[in-house]
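In: 3D model of this:
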Amino acid sequence: QVQLVESGGGLVQAGGSLRLSCAASGRTFSSYDVYWYRQAPGKEREFVAVIRWSGWSGGSTYYADSVKGRFNISTNNAKNTVYLQMNSLKPEDTAIYYCNAFSNYWGQGTQVTVSS
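Out: Numbers count the residues shown, from 1 in each chain. The predicted structure is shown next:
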């Protein structure tokens, strides 16, 4: 059974950092693109970042304009985990963050709250 489990969310002050993790079980991330999305209260789910599989040496990454230069997506193949390093956090980054992979599997989400 394929599962994605996010962790690492929490409450942080503006300007702070958090690292989110997305751990997969039942399937490896190899050969798959892995996405991070987020959904703020009252808003639609939006794309945050993606890492496109291109071999064990790493993949190309793309970011939403709103997080470019502040967030970084990376993988640990040995741990079958994808990370989202979030720096210089802003109150508008407050949302539930979701991992998406294997075409249409979603994790349960992890809450990120940034106080001003």
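
In: Pull out the buried positions in the helix or strand hosting Val5.
Out: Per DSSP states H and E: Val5 is located in strand 3-7. For strand 3-7, burial by neighbour count (16 or more other Cβ atoms under 10 Å) applies to 4, 6. No exception for glycine: its C-beta is placed from N, CA and C like everyone else's.

In: Repeat that for stretch 85-103.
Out: Using 16+ other Cβ under 10 Å as the test for burial, stretch 85-103 gives 86, 89, 93-102.

In: I'd like the residues you listed as TSV, with secondary structure and distance to Ser7 appended.
Out: TSV is the format used below for those (DSSP: H, G, I helix; E, B strand; the rest coil; distance: Cβ to Cβ, whole Å):
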residue	secondary structure	distance to Ser7
Met86	strand	13
Leu89	coil	17
Asp93	helix	17
Thr94	coil	17
Ala95	strand	16
Ile96	strand	13
Tyr97	strand	10
Tyr98	strand	12
Cys99	strand	10
Asn100	strand	16
Ala101	strand	15
Phe102	coil	18
